[in-house]
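Novice: what's the 3D shape of this:
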Amino acid sequence: MESIHLVKGVGLGLAVSAPIGPIGVLCIQRTVARGRLEGLFVGLGATLADLIFAGVAGFGVSWINDFLLERAVALRILGAVVLWSVAIYVFVTPPESRAADVRGNGKLASLFTTFTLMISNPMAALGFAAAFAAFGAGDPGNRVATALVVSGVGLGSVLWWGSLSIFVGAFRDRITPGVMVWINRGSGLLLAAFGVLAALSVFAPIPGWR
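Specialist: Just a heads-up that it's a prediction; the model follows:
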């Protein structure tokens, strides 16, 4: 019954992705501003980080975990700076000027930004270790089972971000430019607030958030 490990991984991926944090806010804002595919790329950045954290937790790759934890302060500061930079950009840029961003490297930039935000919170790796134990996921002596769990985490994460971008995208055409301005400003303020939390985590670490 190896498939049960895949199912557990999917459940774990959904569980860690669903809470709405800075990545959720950014996914919603990007979907409204630029469309479903842009929102999905935001989620894919989070998925890549989730796969790394899940792999570290599942396969016990301690040197990666040690590498992240040894640089925890610098990574949290990086995360705060990236969040504030994105918050300012979202807050001050008029929605009409965003159409050009959809072309070129806009989607890859969204993916890279999200990945940077996720990987800059090394405490998330410890959170995955706890989540693995809580879900009873994986089998330390069975690499196939662990690989299935990690794959399931990626699948569950993609399912969540894809569903969120599709759901939000369904209402995109009903949003007027005036409403979009306020969505951008609200998103910018929320992202800035999460940036403050990321900065405070340098002094008092907080659990990993999405």
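Novice: so how far is the helix or strand harbouring Gly13 off the chain centroid?
Specialist: Here Gly13, judged by DSSP states H and E, is contained in helix 3-17. Here helix 3-17 shows a centroid-to-chain-centroid distance of 16 Å under the convention CA atoms, centre = their mean, to the nearest Å.
Novice: Name the single longest helix found in the chain.
Specialist: Counting residues, the longest helix in the chain under DSSP state H turns out to be helix 143-169.
Novice: For Val25, see how far away the residue nearest to the spatial centre of the chain is.
Specialist: For the chain, the residue whose C-alpha lies nearest the mean C-alpha position (CA atoms, centre = their mean) is Ala46; its distance is 3.2 Å. For Ala46, the distance to Val25 under the criterion CB to CB, to the nearest Å works out to 12 Å. Backbone N, C-alpha and C define where each C-beta goes, glycine included.
Novice: Also Ala74?
Specialist: 24 Å.
Novice: Tell me which of these two has more neighbours.
Specialist: For Ala74 versus Val25, the count of surrounding residues by other CB atoms under 10 Å is larger for Val25: 23 against 11.
Novice: Figure out the helix or strand that the more buried one lives in.
Specialist: Counting by DSSP H and E, the secondary-structure element that holds Val25 is helix 22-34.
Novice: Tell me what angle that helix forms with helix 143-169.
Specialist: Our comparison of helix 22-34 with helix 143-169, counting by axes from the mean of the first three to the mean of the last three CA atoms, to 10 degrees, yields an angle of 40 degrees.
Novice: Below-threshold pLDDT in the chain: ranges please.
Specialist: Applying pLDDT under 70 to the predicted model, the residue ranges of the chain that meet it are 1-2, 61-66, 68-69, 95-105, 122-123, 125-127, 129-130, 132-142, 201-210.
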